[in-house]
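Participant: Quick one: sequence plus predicted model below, questions after.
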Number of protein chains: 2
Amino acid sequence: MIIGIVGLGLIGGSLGLDLRSQGHRVLGVSRKPGTCERAIARGIADDASVSPSFLRQAEVVFVCTPLGVMETAVDEIVPYLSADAVLTDVGSLKGWVMQAIAPKWANFVGGHPMAGTAESGIEAAQRELFINCAYVLTPMATTPPEVVQRVEDLARSLQSHVYICSPEEHDRAVAWISHLPVMVSASLISACLSEADKPVLELAKKLASSGFRDTSRVGGGNPELGVMMAKYNQEALLRSLYAYREQLDQAIAQIEQSDWATLDHHLQATQHHRPNFMQ
Amino acid sequence: MIIGIVGLGLIGGSLGLDLRSQGHRVLGVSRKPGTCERAIARGIADDASVSPSFLRQAEVVFVCTPLGVMETAVDEIVPYLSADAVLTDVGSLKGWVMQAIAPKWANFVGGHPMAGTAESGIEAAQRELFINCAYVLTPMATTPPEVVQRVEDLARSLQSHVYICSPEEHDRAVAWISHLPVMVSASLISACLSEADKPVLELAKKLASSGFRDTSRVGGGNPELGVMMAKYNQEALLRSLYAYREQLDQAIAQIEQSDWATLDHHLQATQHHRPNFMQ
């Protein structure tokens, strides 16, 4: 198959490495000539260009740019696509993508491969990044089934676990397990930093160990990503934050009232149910 | 030196292994005859007994029982201690210990070796558990300096980093970096579980990966420990929880108002400052 990849960062680059190694011909597009050269040198693409004109050969095109430039990128490539080309994206929010991108191309299906590393950019691209990762597809009622099937087959060929759901279900689910944790964790760091008693703050920094390290990890991550989540998933994230604040207030009330039995019951439940999120 | 260890679980047992390997004579006390036998078999103690009477030989005694039985344990051993014996504990809260335990023995100094594993009990005891861990000592103004020195020397011999502070400073610091994270993390799990839309909850469970795993880890831990923290460190924990709720409310307001510049500024700060807690 001839596959186009627009945006050659961590995800686009890793897709290229795996798809080429399966025997597909990969055409890469990047705004930067240097990235195009690196894509060829690293074996990410058979050919790469700053101009999308060669995408007229492509049967499937993955849009792997950041969400902020995705509309522009799609507007630039759509005039070159052959009529039956399948278009998909790898954006981490799907409601916005389905509104902004889907109307631009009938054979479009939204996708979200849930893989990543702490690094980004073409040098971070790696083989087998998607093995055992979730790969969510969010077709609309009007999406032709063979379009979904084509992207699903490619996702399975990467050894990802494919889930098909509505864009709203996707966005609510990732609000819980990905976006809410960032805000919860960042608020932990800023709460600690609000300690006005200097010796206590300095001691806290010295005593912090694995518990603090793990709970604060995603809150100390890339600020740009955090803002992107909030911006493109505002409604679902707020919904999760309100539910979170309610749970936090209940815990505070239990501690204020020395209601240890209820607090114990609550912590028993979280201990019991957490493994269901770890499968 | 002849060293007594009362309570032969993870911490007491690990102390015994290291102190014996340094050539000290270790006398272990446990309520359970089986644990005494295991302590001798595992090389944790030279001698072990359910009766504390042989502690009259001990120069330093570590009380390593859970906080809930510490008062009883100390009441039982104090009649047997020689007048110049040094008494210390390993409890994870120090304000309560200094109120409840310190008045029972003049040569007492509170201690908190901040080491642990996910396991507990004598079988979890291991050599070199305390290497590079923080070991906090919380003497009072009336504590004889040579008493502090003696415990400090032993802590350093375990290759721990010794910090000396007031019980209040200790409890506020651990509220930030140990107890607050548990409540923050547990509330994350219960918030997710509050999702009433079944398919969304099931999808969230399937999509959860490292970010959720890390942020939820301490909230899915031992409920007994969580309740203990809240019970024995109620004031400092509530103080931290109120500050946390304020930070959370600020993040919520920024997202409600689409104030991405301030949210970005906030996440830049958490990214910037987190490494100071990781030294």
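Facilitator: Received the coordinates, thanks.
Participant: Just the residues contacting the helix or strand where residue A:36 lies, thanks.
Facilitator: Assigned by DSSP states H and E, residue A:36 belongs to helix A:33-41. Here helix A:33-41 makes contact (Cβ atoms under 8 Å, 6 or more residues apart in numbering or on different chains) with A:8, A:13, A:16, A:28-30, A:44-50, A:122-123. C-betas here are computed from N, CA, C, even on glycine.
Participant: which of the residues in it are buried?
Facilitator: Within helix A:33-41, the residues that count as buried by 16 or more other Cβ atoms under 10 Å in any protein chain shown are A:35-36, A:38-39.
Participant: And the strands in chain A?
Facilitator: Using DSSP state E, the strands found in chain A span residues A:2-6, A:25-29, A:47-49, A:60-63, A:86-89, A:108-113, A:134-138, A:161-164.
Participant: about what we covered before: pLDDT averaged over the helix holding residue A:36, what's the number?
Facilitator: Taken as a whole, helix A:33-41 carries a mean pLDDT of 97.
Participant: Off-centre distance for that helix?
Facilitator: Put simply, helix A:33-41 sits 24 Å off its chain's centre (Cα atoms, centre = their mean, to the nearest Å).
Participant: What's the local residue count around residue A:84?
Facilitator: By the criterion of other Cβ atoms under 10 Å in any protein chain shown, residue A:84 has 11 neighbours.
Participant: Leaving out sequence neighbours, find the closest residue to it.
Facilitator: residue A:107 (6.8 Å; Cβ to Cβ, 6 or more residues apart in numbering or on different chains).
Participant: quick one, phi/psi of that neighbour?
Facilitator: Main-chain torsions, residue A:107, degrees, to the nearest 10: phi -90, psi 40.
Participant: quick one, what contacts it?
Facilitator: Residue A:107 neighbours (Cβ under 8 Å, 6+ apart): A:84-87, A:144, A:147.
Participant: And these, which of them are buried?
Facilitator: Using 16+ other Cβ under 10 Å as the threshold, A:85-87, A:147 are the buried ones among those.
Participant: just those now: which is nearest residue B:279?
Facilitator: Using Cβ to Cβ, residue A:87 comes nearest to residue B:279 of those, at 47.8 Å.
Participant: Okay, and the beta partners of the closest one?
Facilitator: On the basis of DSSP bridges, residue A:87 is bridged to residue A:61, residue A:108.
Participant: That one and residue B:151, how far apart?
Facilitator: 68 Å (Cβ to Cβ, to the nearest Å).
Participant: Looking at the buried ones among the contacts of residue A:107, spot the one nearest residue B:100.
Facilitator: Taking Cβ to Cβ as the measure, residue B:100 lies nearest residue A:87 of these, at 68.3 Å.
Participant: hang on, the closest one packs against residue A:111?
Facilitator: No. If you go by Cβ atoms under 8 Å, residue A:87 and residue A:111 don't touch, sitting 10.2 Å apart.
Participant: Grab the nearest non-local neighbour of residue A:156.
Facilitator: That would be residue A:162: by Cβ to Cβ, 6+ apart, it lies 6.0 Å from residue A:156.
Participant: One more: residue A:249?
Facilitator: Spatial nearest neighbour of residue A:249, chain neighbours left out: residue B:245 (7.6 Å); criterion: Cβ to Cβ, 6+ apart.
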